[in-house]
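Asker: Could you work out the structure for the sequence below:
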Amino acid sequence: MKKFYLTLCAAFVLALGLLTESAEARRATILYGNGPEFQKIYDLPDSVTLENGHTLQFGVGFEQFSLFYVPIWNYGERQYAVYDAADKTIYTLDDEDIDGFATEYGWDLPKDPKLSFWNRIGGKLILLLVIAAIGGYYWWKQNQDDTTEEPVPASTADTEE
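Answerer: Okay, here's the model as predicted:
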């Protein structure tokens, strides 16, 4: 039983290491996250910078709850935003700024921003698979215990002639 849990945890941590997007997320030891998140859609040109010289990324800002960097639940309003990766700051945009970016760079942006498959459904599938694996193991273990029968002791009848 302990080997199963250890193997399951090791596989989960390995999958997280392969699925996380940044090296910083791989090094972190936080088990859960709850707060603002950013999903990049476009890289802005180097000419679009802040006063401090940091370049920006264009995408969607939203709130998210995650376990082991696997998104479990998205909440709050999804808004187009720009992200300063150096300061880890999300700046939401108003409709005029969004229209300005779209016309200047020729982007076709939907009215409602969409999240990636991973952020919408992927984490929920991983959670469901982990729960199904644990439940399947308990079911298998219970059925295996039910099918094993105790051995019948050999008879020690004396055969005299």
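Asker: mind checking how far residue 102 is from residue 84?
Answerer: 20 Å (Cβ to Cβ, to the nearest Å). To be clear about C-beta, it is placed using only N, CA and C from the backbone, and glycine gets the same treatment.
Asker: the more surrounded of these two?
Answerer: Neighbours around residue 102 and residue 84, counted as other Cβ atoms under 10 Å, are more numerous at residue 84. The numbers are 17 against 14.
Asker: SS state for residue 79?
Answerer: Under DSSP: H, G, I helix; E, B strand; the rest coil, the three-state class of residue 79 is strand.
Asker: Who are the contact partners of it?
Answerer: The contact partners of residue 79, taken as Cβ atoms under 8 Å, 6 or more residues apart in numbering, are 60, 61, 62, 92, 93, 113.
Asker: Out of those residues, name the ones that lie in helices.
Answerer: Applying DSSP state H to these, no entry is found in helices.
Asker: Filter these down to just the buried residues.
Answerer: By neighbour count, with 16 or more other Cβ atoms under 10 Å, the contacts of residue 79 hold 60, 61, 62, 93, 113 as buried.
Asker: what's the pLDDT at the second one?
Answerer: The reference is to residue 61. For residue 61, the model assigns a pLDDT of 95.
Asker: who touches it in this structure?
Answerer: 36, 37, 38, 78, 79, 80, 81, 83, 90, 92.
Asker: Of these, which is the nearest to residue 144?
Answerer: residue 37 (42.6 Å; Cβ to Cβ).
Asker: re earlier: which of the contacts of residue 79 sits closest to residue 9?
Answerer: Relative to residue 9, the closest of the contacts of residue 79 is residue 62; by Cβ to Cβ it sits at 28.9 Å.
Asker: Residue 139 and residue 83: what is the separation?
Answerer: 45 Å.
Asker: So for the two, which sits in the more crowded spot?
Answerer: residue 83 (24 against 10).
Asker: Who are the packing partners of the longest helix along the chain?
Answerer: Looking across the chain with DSSP H, the single longest helix is helix 123-147. Judged by 3 or more Cβ pairs under 8 Å, 6 or more residues apart in numbering; DSSP states H and E, helix 123-147 is in contact with helix 2-19, strand 56-67, strand 70-84.
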